[in-house]
Structure formats: C-alpha cells, structure tokens
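[1] turn this into a structure:
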Amino acid sequence: MHRKSTAEQLRDDLRDLVDAVVPEVESAAHAVAEKAPPLIHHGRAVAVEKGTRAATSLAQRIPDPVIDRLPDTVADRLPQPHRRRGRTLLVLGALGLLGAGAAVVARRRQAPPERPVVTGIDEQDRA
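    Okay, the predicted model is just below:
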C-alpha cells in the first residue's frame, strides 16, 4: 500500500477547503455586486454636491486682487455666486404690500363720506 506524502495530504486538504469556501465567497461577491451600484451612485451624488458647495465657499473667500491676477482660464472656471431667492421674494412681497396699501388709501379717498346714523335717541335723554 502506498502511503501519501505530506505534500499530497496538504494538497488534498487545500482542495477540500477550496471546494467548501468557493460557493460562500461567490455568493458574497454576488451580494456585494448587487448592493454596490446604488451605493456608488449615492456616494457620487453626495460627493458632487459637497464639492460644489466647497468650491463656491472657497471662491467667495478669494479676494478680488487675487482673482484679477489669476489667468483667464482659471478665473473663468471659478463658480459664480448664486443670487439669493429669499431676498428677491422679500423685496417683491414688500412691493406688493406697498401697492395694496396704496390701493386701499386711494379707495378710501374716493368713497363718499359716511352718513350719520339716526338712532332715535335724543341728546337730551342722555344727559
């Protein structure tokens, strides 16, 4: 009878181990492949948003003399500050209120004077 060498025994043990582990590794790899794309897309979206905010914040902090010394290709790529929508809405709302107030005043001036109401009570009865 032929006795197996240590190398042959080790080789057989490793094959058994590979046969036992490979299905589990393949299933884990498939699970990761299924879950990764949505997480990657979400991560990219968050990174783009934060990068844009950081670039805008940094561009606002650059002094004008420094911007004037930058090459045109660099200065053109700096993000432009966005107008504030809240300030615009506040100004439009204030103008609307002023217009409404002016309309109310104009109507009151054009209205006929109020007539005195007759109550039937004489001034002598009150005293």
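
[2] going forward, measure contacts between C-alpha atoms and count neighbours the same way
    Noted.

[3] gap between Thr88 and Gln80?
    18 Å (Cα to Cα, to the nearest Å).

[4] please, where are all the helices along the chain?
    For the chain, the helices identified by DSSP state H occupy 6-61, 64-69, 72-77, 85-110, 123-126, in order along the chain.

[5] could these go into TSV alongside distance to Val117, mean neighbour count and mean pLDDT?
    Shown next, in TSV, are those (distance: least, Cα to Cα, whole Å; neighbours: other Cα atoms under 10 Å; pLDDT from 0 to 100):
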stretch	distance to Val117	mean neighbour count	mean pLDDT
helix 6-61	66	12	86
helix 64-69	70	10	79
helix 72-77	74	10	80
helix 85-110	19	11	87
helix 123-126	14	6	56
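
[6] could you dump those helices into JSON lines and include distance to Pro116?
    Converted to JSON lines, those look like this (distance: least, Cα to Cα, whole Å):
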{"stretch": "helix 6-61", "distance to Pro116": "65"}
{"stretch": "helix 64-69", "distance to Pro116": "69"}
{"stretch": "helix 72-77", "distance to Pro116": "72"}
{"stretch": "helix 85-110", "distance to Pro116": "17"}
{"stretch": "helix 123-126", "distance to Pro116": "14"}
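
[7] next, name the residue at the spatial heart of the chain.
    Glu49 (7.7 Å; Cα atoms, centre = their mean).

[8] spit out the contact partners of it.
    Contacts were defined as Cα atoms under 8 Å, 6 or more residues apart in numbering; by that measure Glu49 touches no other residue.

[9] equivalent analysis for Val118, please.
    Taking Cα under 8 Å, 6+ apart, we find Val118 in contact with no residue.

[10] per-residue pLDDT of it, please?
    Note on Val118: pLDDT of 74.
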